[in-house]
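[1] sequence plus the predicted model coming up.
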Amino acid sequence: MTAAGLTARRGGPLRGVVHAPGDKSISHRALILGALASGVTEIEGLLEGDDVLRTAEAMRAFGATAERLGEGRWRVTGQGGFTEPADVIDCGNAGTGVRLIMGAAAGFDLAAAFTGDASLRGRPMNRILKPLGQMGATWVCRSGGRLPLALKGGGLHAIAYRLPEPSAQVKSAVLLAGLHAAGETVVIEPEATRDHTERMLRAFGAVVDVVESGSGRTIRLAPGQKLTGAKIAVPGDPSSAAFPLVAALVTPGSQVTVEGVLLNPLRAGLFATLIEMGADLAYANLRDAGGEPVGDVTARFSSLRGVDVPPERAPSMIDEYPILAVAAAFAEGPTRMRGIGEMRVKESDRIALMAVGLAACGVGVEEEPEGMIVTGAGQVAGGARVATHGDHRIAMSHLVMGLASQDAVSVDEPGMIATSFPGFVDLMRGLGGDLG
Ligand code: S3P
C-alpha cells in the first residue's frame, strides 16, 4: 500500500481458511449497552476498527470505563447511565456509532456535542432527530440535520414510531432513548431490519417484546428497565466476510472458508442472492454464539448468472450491494438491484460510485434513482483507478474486482478500509491475492 493508493492484480487462485473480523454492528452495540448497564461487561471478538474504537472513546467520555485486555477482548464497566461529556464527541466515519450514541444520550439530563469526519458530517441525522424530538430531546445543528450537532436530553416521554425508512440505526436510537423515557416505547418497522439491538438488550436483562406481522415487526420496550453487565461474544462480520468469499467465487480455481460468520437471517441476504446466481457456497458448523446464529462459510469458484434481486431483500444486505455488483460484473447477463435508495446515504453515494467504478472497468452498468443494473459478460477488463470518496466498502469492492480482472484496479484512500476491516489487505494477501 502506498500513500497514493493500493492496487489489486490478477494472480493465481485464492485458497485458505480465515476468520472474519468482529461484526461492526454488534461491536458498537456491545460497547454502548455495556456503558449504559450497571456493572461489568466482558466482550470477546470486538472489531478493533476505527469506527468502533471511536465508540469506545465516546463511552469513556460519557462516564464508563472501557479497557482493552487483549486482541478483541474488552471490559466495559458501566455506571447504569451516561454523565455529561467534557468535550465534543467525534465519531469519525461511523453513522452507526453517532446515531446509536445520540439515541442513548438523549435519555439523560445532559448536553453533548457530536461531530465526525467529512463523510459523516454530510450524512442525514434528521432521521433520528425527528423521533428523538417527538420524545422531548432538543438540539442545534447545521442545516439539513447535519453534524456538528449539540443535543440536550432528559425528561423524555415514550412514543410509538413507525419507521419511514428501513433503518436499524433509527430503530435502535429510538429504543435506546426509550430505556429512559416515561411510558412504553413502540417501534413499528414495515420491513424487518437487523435485530441486534433487540437481541442484545435481552442479553443485558431487558424485556423486549417483538411481534412479527408479514415482513415487518412491532417492537415494544416497557419503561424503567435496568440493564446489567453481560458477556458478549461478537461473531464474524458477514459484511466483511463477503469480500474474501466473493473474491473466491470470481477467481478461477479458488476455495476460501471464512469461519465464525454471523448468519442472522436479517444479515444474510447477500448469501441467498449469490446462491441464486449459481454460487457454490456451503455452510458448516452451524451453531449459536451469544444469542446469534453463526457458521463457517466456504466459497468455491463458480460460473455466476445474473438475477433480479427482490427489493424486499434490501434491508438484509444493504451494505453488500457494492460487492454484489462486483459478483454481477463477473456473471453472465443482467443483475437488477432495485429498492436500494438507502445506498445513496451511506458513507458515500454507493450507487453513483459503483456505477462510475464499474463503467471505468469496462462493465455494463445502468444507474437508476433507487437502483442499479449490472450486465456481466463473464469477465472484467479492469485497468482503472477508482476514487472511493473515503468509503471503505467502495475501496474493498473494487480491489476484489481487480484480483480477477484482466488489468489491475487501483483505489485511492486505502487507509479508510481500517474503519471496518483493519486486516483486509493482510488477509487477502494470505489467501494469495496480489495487493500492493
Ligand atoms: C447498521 C444499520 C445499517 C447499515 C449500517 C449498520 C446498524 O444502516 O447500513 O452499516 O448497525 O444498525 P441503516 O440503519 O441506515 O440502514
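    Thanks, I have the structure now. Residues are numbered from 1 along each chain as shown.

[2] what about G214, how many neighbours?
    8 (other Cβ atoms under 10 Å). Where C-beta positions appear, they are placed from N, C-alpha and C, glycine not excepted.

[3] distance of it from the ligand?
    Using Cβ to the nearest ligand atom, to the nearest Å, G214 is found at 19 Å from the ligand.

[4] what of D90?
    Where the ligand is concerned, D90 sits at a distance of 19 Å (Cβ to the nearest ligand atom).

[5] go on, L129?
    Taken as Cβ to the nearest ligand atom, the span from L129 to the ligand is 14 Å.

[6] tell me the secondary structure at that residue.
    Secondary structure for L129, judged by DSSP: H, G, I helix; E, B strand; the rest coil, is helix.

[7] just give me the neighbour total for it.
    By other Cβ under 10 Å, neighbour count at L129 equals 21.

[8] I figured it was touching L147, is that so?
    No: L129 lies out of contact with L147 (Cβ atoms under 8 Å); the separation is 10.9 Å.

[9] and the stretch 251-400 of the chain, which residues reach the ligand?
    Within the stretch 251-400 of the chain, the residues that sit near the ligand (Cβ under 6 Å from any ligand atom) are I318, D319, E342.

[10] could those residues go into a markdown table alongside pLDDT?
    Putting these into a markdown table (pLDDT from 0 to 100) gives the following:
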| residue | pLDDT |
| --- | --- |
| I318 | 98 |
| D319 | 98 |
| E342 | 96 |
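
[11] if we can go back for a sec, list residues touching both of L129 and L147?
    C141 (Cβ atoms under 8 Å, 6 or more residues apart in numbering).

[12] returning to what we had before: among the residues of the stretch 251-400 of the chain next to the ligand, which one lies nearest to D117?
    D319 (18.1 Å; Cβ to Cβ).

[13] could the residues of the stretch 251-400 of the chain next to the ligand be laid out in a markdown table, adding secondary structure and neighbour count?
    Formatted as a markdown table, those follow (DSSP: H, G, I helix; E, B strand; the rest coil; neighbours: other Cβ atoms under 10 Å):
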| residue | secondary structure | neighbour count |
| --- | --- | --- |
| I318 | helix | 22 |
| D319 | helix | 23 |
| E342 | helix | 18 |
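
[14] list just the nearest of the residues you listed to G295.
    Using Cβ to Cβ, these come closest to G295 at D319, 19.2 Å.

[15] so the residue nearest to that closest one when sequence neighbours are not counted, which of the three states?
    Nearest non-adjacent residue to D319, counting by Cβ to Cβ, 6 or more residues apart in numbering: S239, 4.7 Å away. Of the three states, S239 takes helix according to three-state DSSP.

[16] now do the helices in the protein.
    Counting by DSSP state H, the chain has helices at residues 24-36, 50-61, 95-106, 118-121, 126-135, 168-178, 196-203, 238-250, 269-276, 321-330, 350-360, 392-404, 424-430.

[17] looking at these, which is nearest to G5?
    Taking the helices of the chain one by one with Cβ to Cβ, helix 392-404 is closest: 9.3 Å.

[18] which helices and strands sit right next to that closest one?
    Counting contacts by 3 or more Cβ pairs under 8 Å, 6 or more residues apart in numbering; DSSP states H and E, helix 392-404 packs against strand 6-9, helix 238-250, helix 321-330, helix 350-360, strand 382-386, strand 407-411, helix 424-430, strand 434-435.

[19] run the chain-centre distance for that helix.
    Centroid separation between helix 392-404 and its chain, computed with Cα atoms, centre = their mean, to the nearest Å, is 17 Å.

[20] likewise for stretch 30-42?
    21 Å.

[21] picking up where we left off before, out of the helices and strands packed on helix 392-404, flag the one nearest R121.
    helix 350-360 (17.8 Å).

[22] go through that closest one and flag the buried ones.
    Residues of helix 350-360 classed as buried: R350, I351, L353, M354, A355, V356, G357, L358, A360 (neighbour count, 16 or more other Cβ atoms under 10 Å).

[23] in space, what's closest to the last one - neighbours in sequence excluded?
    Read it as A360. Closest to A360 by Cβ to Cβ, 6+ apart is A384, at 3.7 Å.

[24] one step back: could I get the helices of the chain as TSV with mean pLDDT?
    Shown next, in TSV, are the helices of the chain (pLDDT from 0 to 100):
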stretch	mean pLDDT
helix 24-36	98
helix 50-61	98
helix 95-106	98
helix 118-121	96
helix 126-135	98
helix 168-178	98
helix 196-203	97
helix 238-250	98
helix 269-276	98
helix 321-330	98
helix 350-360	98
helix 392-404	98
helix 424-430	98
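
[25] include distance to R73 when you put those into CSV, please.
    Converted to CSV, the helices of the chain look like this (distance: least, Cβ to Cβ, whole Å):
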stretch, distance to R73
helix 24-36, 12
helix 50-61, 13
helix 95-106, 20
helix 118-121, 28
helix 126-135, 31
helix 168-178, 24
helix 196-203, 17
helix 238-250, 19
helix 269-276, 28
helix 321-330, 29
helix 350-360, 33
helix 392-404, 24
helix 424-430, 20
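
[26] nearest to the ligand within the stretch 1-150 of the chain, name that residue for me.
    S25 (3.1 Å; Cβ to the nearest ligand atom).

[27] quick one: that residue from F108, how far?
    23 Å (Cβ to Cβ, to the nearest Å).

[28] how about the residues of the stretch 1-150 of the chain near the ligand?
    S25, T96.

[29] rerun that using 8 Å as the cut-off
    Residues of the stretch 1-150 of the chain lying near the ligand by Cβ under 8 Å from any ligand atom: K24, S25, H28, R29, G95, T96, R99, L100, R127.
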